[in-house]
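*Asks:* Turn this into a model:
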Amino acid sequence: MNLTIPRSAAIATLALASAIPAFAQAPQPISTRFNADPSPHYFQGGFYVYATDDASNSGKYWDSTTWRLYTSPDLKAWTDAGVPLSVSVFKWARPDAKAWAPEAAYRNGKYYFYAPVGGDKIGVAVSSRPDGGFADARADALVDKARDANAGDEPIDPAVFVDKDGQAYMYFGTRVPKVVKLAADMTHLAGPILNVDVTGWPASDPKKKYGEAPFLHEHDGVYYFTFSTGWPGQIVYATGASPLGPFTYRGVVIDYLNISTNHQAIIEHGGKSFVFYHDKLLPGGDSMRRSITYAPLEYGADGAIVPVRLEPAQVGKPGK
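*Replies:* Numbers count the residues shown, from 1 in each chain. Next up is the predicted model:
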């Protein structure tokens, strides 16, 4: 089949490709404000990164109650778009409940925000725009540890993947990764919560295991399941033939950093891939005051992910 691309579309594509920055090795934070746990997306012709707001926590724990949004037309200039919503949107949640690693998705002409609240529930809010106006999409939590079978110790770190057949999946959880199908309305579960099976762990590192931050993306027909191995943790990946797994361990994406957590998300746009993560990058930064950055993500001829090259100052040590 011959496919003719309109000249205007071709020009727009070339313009976007030329706008995407060439990367130096030194990581650059997207803001001078502390932030973490990136959820990057390409919405309405621009890049949106939803984040945990480390700047408003106590500095002693991850106890902020609001999320933060950053936008960019080109991955070069970033704007702090403020607070897209706070825990107070969910009337069923305690007003002081912790607002942890968020997720967002677009479907049905609406934007959905998946919010881990208090460490034991995941709420879902909906808006007609990506930068705010979010309202609770339900009268209760989408996932509730006290209500739902197999929700795990901590139903946190939601990540949503919509497959090419239209089925949406949500991944979440610490220590044991979880996955559940979402209904077409994106606000209800469409089946039981299942464990995600990862096999083929390296014999050379018997302590390596799943920790947190599950994320799924598809590349060239292969499903890539990335996650952190713990506290501190590496970002590693496993591959499979189905969004439900099982997945086979393949290797490291981002090595240990000099902070106690590691959290990633991957976006593919304009024929290029990028991995967003957080690190200790700003003056005064530490494990409670982190900064989001990103790097190009590359694949080998066999589909293996090429590990992200870190600056020497970034590289940390394994935990005990």
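
*Asks:* show me where pLDDT drops low in the chain?
*Replies:* Low-confidence segments of the chain, defined by pLDDT under 70: 1-25, 320.

*Asks:* One more pass at 50, please.
*Replies:* Flagging of the chain using pLDDT under 50 yields the residue ranges 1-18.

*Asks:* which residues of it fall in helices?
*Replies:* All helices of the chain, identified by DSSP state H, fall at 7-19.

*Asks:* Start and end of stretch 239-251, how far apart?
*Replies:* End-to-end distance for stretch 239-251, by C-alpha to C-alpha, to the nearest Å: 10 Å.

*Asks:* Please apply the same query to stretch 294-305.
*Replies:* 15 Å.

*Asks:* Just the buried residues of that stretch, please?
*Replies:* Buried residues in stretch 294-305, counting neighbours by 16 or more other C-beta atoms under 10 Å, are found at 294, 295, 297, 305. In this view, the C-beta of every residue, glycine as well, is placed from N, C-alpha and C.

*Asks:* ok, now which ones touch the last one?
*Replies:* Read that as residue 305. Residue 305 makes contact with 224, 237, 250, 251, 253, 297, 298, 299, according to C-beta atoms under 8 Å, 6 or more residues apart in numbering.

*Asks:* that older thread, filter the buried residues of stretch 294-305 down to just the ones in strands.
*Replies:* 294, 295, 305 (DSSP state E).

*Asks:* For residue 200, see how far away residue 246 is.
*Replies:* Distance, residue 246 to residue 200, using C-beta to C-beta, to the nearest Å: 9 Å.

*Asks:* neighbours around the nearest residue to residue 119 once chain neighbours are set aside, how many?
*Replies:* Closest residue to residue 119 apart from its sequence neighbours, by C-beta to C-beta, 6 or more residues apart in numbering: residue 154 at 5.5 Å. By other C-beta atoms under 10 Å, 18 other residues sit near residue 154.

*Asks:* and if you look at residue 33?
*Replies:* When neighbours are counted by other C-beta under 10 Å, residue 33 registers 18.

*Asks:* Identify the residues contacting it.
*Replies:* Counting by C-beta under 8 Å, 6+ apart, residue 33 makes contact with 53, 55, 68, 80.

*Asks:* rerun at 6 Å
*Replies:* Residue 33 sits next to residue 55 when contact means C-beta atoms under 6 Å, 6 or more residues apart in numbering.

*Asks:* now residue 150
*Replies:* Contacts here follow C-beta under 6 Å, 6+ apart; on that basis residue 150 touches residue 193.

*Asks:* How about the one 3 residues further on?
*Replies:* Contact analysis of residue 153 by C-beta under 6 Å, 6+ apart lists residue 175.

*Asks:* next one: residue 155
*Replies:* Residues in contact with residue 155 (C-beta under 6 Å, 6+ apart) are 122, 143, 145, 172.

*Asks:* How about residue 230?
*Replies:* Residues counted as contacts of residue 230 (C-beta under 6 Å, 6+ apart) are residue 211.

*Asks:* Residue 199 pairs with what?
*Replies:* Assessed by DSSP bridges, residue 199 has beta-bridge partners residue 248.

*Asks:* How many residues are close by it?
*Replies:* Neighbours of residue 199 (other C-beta under 10 Å): 11.

*Asks:* In JSON lines, list the contacts of residue 305 along with distance to residue 159.
*Replies:* Formatted as JSON lines, the contacts of residue 305 follow (distance: C-beta to C-beta, whole Å):
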{"residue": "224", "distance to residue 159": "12"}
{"residue": "237", "distance to residue 159": "13"}
{"residue": "250", "distance to residue 159": "18"}
{"residue": "251", "distance to residue 159": "20"}
{"residue": "253", "distance to residue 159": "15"}
{"residue": "297", "distance to residue 159": "16"}
{"residue": "298", "distance to residue 159": "21"}
{"residue": "299", "distance to residue 159": "20"}
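
*Asks:* Please flag which of those residues sit within strands.
*Replies:* Using DSSP E, the subset of those located in strands is 224, 237, 250, 251, 253, 298, 299.

*Asks:* Show the buried residues in these.
*Replies:* Neighbour-count burial (16+ other C-beta under 10 Å) applied to the ones in strands among the contacts of residue 305 gives 224, 237, 250, 253.

*Asks:* can I assume the third one is in contact with residue 226?
*Replies:* No. Under the contact definition of C-beta atoms under 6 Å, residue 250 does not touch residue 226, with a separation of 9.9 Å.
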